[in-house]
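Undergrad: structure here, sequence nowhere to be found:
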Ligand code: BEZ
């Protein structure tokens with residue numbers, strides 16, 4: 001047997017003495033010594049036997065769990081500080097381990113482990129780890145942070161780093177081998193976590209996939225609250241969700257070109273005036289009152305300090321529609337009910353001011369951003385453009401962001417890329433960081449554009465899991481084979497409701513600043529009809 005074969009054989013199954021069953025090898029992990037960490041459970045979950053408690057009939061993740069191979073499930077609690085309570089799970093396939101580790105991130109304020117990501121990873125042969133980042137709750141809850149500065153640090157960056165180091169120790173103990181390659185993939189707050197890892201802990205991961213990163217947390221949530229609460233704080237100024245389709249149709253009528261569905265290839269070139277929708281007679285859902293038109297103008301406007309400094313970008317036209325558009329994130333079904341508001345209000349109450357009575361109605365960007373920066377930037381903002389240590393260890397970073405994202409502006413992610421380019425040099429940057437801006441995609445996925453491109457990992461459809469169609473595979477190939485991704489073919493569906501009842505289409509998404517441009521001939525629903533072209 002060649003040395004290589006001996007090595008891959010030892011990688012494929014747990015290190016166990018000849019008499020030891022995989023169950024026993026897994027159970028021995030309970031004795032693993034890792035600083036400040038208690039292992040609560042180390043036991044094999046047999047094939048298809050994962051039970052995470054009651055679930056609804058609509059929860060299709062259960063179908064995924066039934067397909068899982070037997071794995072060793074390690075559950076631990078880590079207490080790097082007396083107020084820390086970081087739950088971690090590490091899942092290790094008993095056989096067929098591909099020698100790699102995939103770390104999972106979180107959405108919103110975290111509070112639970114991303115089991116679906118862990119499941120997809122081990123089904124594809126990875127060992128995987130995830131964490132709740134130190135508290136339990138739904139992604140929009142933040143009361144846990146009130147008067148708990150160490151928990152804010154656990155959420156900010158310590159939880160994911162602790163999970164990563166612990167997972168590596170568990171892998172070493174179980175397989176008698178360090179992972180050959182380590183990856184981290186997540187979106188939104190998970191994109192922020194991804195950038196924290198690249199910036200603060202460059203040794204942790206070889207390859208990082210960061211979707212729609214909420215990296216400049218303080219500015220982002222200042223804007224979310226300013227738009228959601230302050231701009232719409234009177235009954236007149238509130239924009240009812242029922243008016244949003246009218247606005248979207250008017251935007252598309254003004255700016256849509258030859259894209260295959262109802263989205264804009266590049267919303268930056270669309271200039272739309274809400275005044276064109278002013279009611280001429282009685283108010284209906286098909287028109288805007290002057291106060292509502294003023295609100296829409298304010299939603300599209302950038303947020304500045306009094307001295308003119310840009311703090312955050314306004315909404316881009318074209319992404320208004322749907323539950324994952326303005327009605328879900330910005331306007332809500334009633335005043336103050338948008339999801340962005342929950343994050344903004346919770347952040348300022350529980351993290352910035354430690355005052356549950358604090359109210360956005362009195363928000364003052366100059367005063368309150370200063371407080372947010374002073375009290376939380378060091379813990380939460382992942383804005384450091386100096387990725388040279390990550391590059392020096394051979395790290396590769398792929399960012400992606402939808403043009404129709406109503407929660408986090410894609411322009412902010414372009415800003416971050418440009419800050420890295422300015423710090424390390426544009427050519428150096430291209431050798432280890434790439435951004436894919438996705439037309440018509442909403443927050444992390446969905447929307448009328450081509451929005452499925454392997455951002456959640458393998459899809460288990462061999463035709464779609466190669467580097468040409470799957471951005472996770474493209475990242476792995478970049479790390480392991482040195483092939484930098486220029487484009488990935490993404491799929492979408494023309495049904496604007498997102499329920500998949502329309503026609504399927506495909507289009508390349510391109511390494512920024514290139515964008516997919518229609519060749520002028522051929523079926524616009526086919527990827528071959530587009531080329532990635534420099535458009536900046
Ligand atoms: C998210 O994780 O989805 C998120 C976090 C902060 C602001 C907006 C979205």
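TA: Okay, I see it. It should be emphasised that the depicted structure is a prediction, and the values quoted were computed from it without experimental measurement. Numbering: from 1, shown residues only.
Undergrad: in stretch 77-85, what counts as buried?
TA: For stretch 77-85, the neighbour count (16 or more other C-beta atoms under 10 Å) marks 78, 79, 80, 81, 84, 85 as buried. For glycine as for every other residue, the C-beta is placed from the backbone atoms N, C-alpha and C.
Undergrad: with stretch 341-350 instead?
TA: 341, 342, 343, 344, 345, 346, 347, 348, 349, 350.
Undergrad: do the same with stretch 125-144
TA: Applying 16+ other C-beta under 10 Å to stretch 125-144 flags 125-135, 139, 141-142, 144 as buried.
Undergrad: which single one of the residues you listed is nearest to the ligand?
TA: For the buried residues of stretch 125-144, the minimum distance to the ligand (C-beta to the nearest ligand atom) is 6.6 Å, reached by residue 139.
Undergrad: how much space between residue 400 and residue 84?
TA: 31 Å (C-beta to C-beta, to the nearest Å).
Undergrad: I'd say residue 254 and residue 267 touch.
TA: No: in this structure, residue 254 is not within contact of residue 267 by C-beta atoms under 8 Å, at 11.3 Å.
Undergrad: looking at these two, which is more packed in?
TA: Just comparing residue 254 and residue 267: by other C-beta atoms under 10 Å the higher neighbour count belongs to residue 267, 21 against 14.
Undergrad: just give the nearest non-adjacent residue to that one, would you?
TA: In this structure, residue 267 finds its nearest non-sequential neighbour in residue 316, 4.0 Å apart by C-beta to C-beta, 6 or more residues apart in numbering.
Undergrad: first-to-last residue distance for stretch 499-514?
TA: End-to-end span of stretch 499-514 (C-alpha to C-alpha, to the nearest Å): 29 Å.
Undergrad: now tell me what touches it from outside.
TA: By C-beta atoms under 8 Å, 6 or more residues apart in numbering, the residues outside stretch 499-514 that reach it are 260-261, 400, 414, 417, 434-439, 449-450, 453, 484-496, 516, 524-527, 530-536.
Undergrad: and that stretch, what's its mean pLDDT?
TA: Confidence for stretch 499-514, expressed as mean pLDDT, is 91.
Undergrad: residue 377: helix or strand, and which one exactly?
TA: Take DSSP states H and E as the rule and residue 377 turns out to sit in helix 365-380.
Undergrad: what is that helix packed up against?
TA: Packing partners of helix 365-380 (3 or more C-beta pairs under 8 Å, 6 or more residues apart in numbering; DSSP states H and E): helix 149-153, helix 217-225.
Undergrad: give me the spatial nearest neighbour of residue 252, chain neighbours excluded.
TA: residue 262 (5.6 Å).
Undergrad: make sure the one you found is indeed in a strand.
TA: No: the assignment for residue 262, made by DSSP: H, G, I helix; E, B strand; the rest coil, is coil rather than a strand.
Undergrad: number of residues surrounding it?
TA: By other C-beta under 10 Å, neighbour count at residue 262 equals 19.
Undergrad: for residue 383, same thing?
TA: Counted with other C-beta under 10 Å, residue 383 comes out at 17.
Undergrad: show me what contacts it?
TA: Counted by C-beta under 8 Å, 6+ apart, residue 383 has contacts 215, 216, 377, 416, 419.
Undergrad: assign a three-state SS to residue 48, would you?
TA: Applying three-state DSSP: residue 48 is coil.
Undergrad: surely it and residue 63 touch.
TA: No: using C-beta under 8 Å, residue 48 is not in contact with residue 63, being 10.4 Å away.
Undergrad: of the two, who's got more company?
TA: Remark: of residue 48 and residue 63, residue 48 carries more neighbours, 11 against 8, as counted by other C-beta under 10 Å.
Undergrad: what about that one, distance to the ligand?
TA: As judged by C-beta to the nearest ligand atom, to the nearest Å, residue 48 and the ligand stand 31 Å apart.
Undergrad: what does residue 293 give?
TA: Shown here: residue 293 relative to the ligand, a distance of 26 Å by C-beta to the nearest ligand atom.
Undergrad: next one: residue 310
TA: Distance from residue 310 to the ligand, by C-beta to the nearest ligand atom: 18 Å.
Undergrad: shouldn't that residue be in contact with residue 301?
TA: No: Residue 310 is beyond contact range of residue 301, at 11.0 Å (criterion: C-beta under 8 Å).
Undergrad: what's the closest non-adjacent residue to the residue nearest the centre of the chain?
TA: Centre of the chain computed as the mean C-alpha position; nearest residue by C-alpha atoms, centre = their mean is residue 187, 0.8 Å away. Nearest residue to residue 187, sequence neighbours excluded (C-beta to C-beta, 6+ apart): residue 211, at 3.2 Å.
Undergrad: what residues does the stretch 151-300 of the chain have near the ligand?
TA: Residues of the stretch 151-300 of the chain lying near the ligand by C-beta under 6 Å from any ligand atom: 188, 189, 214, 220.
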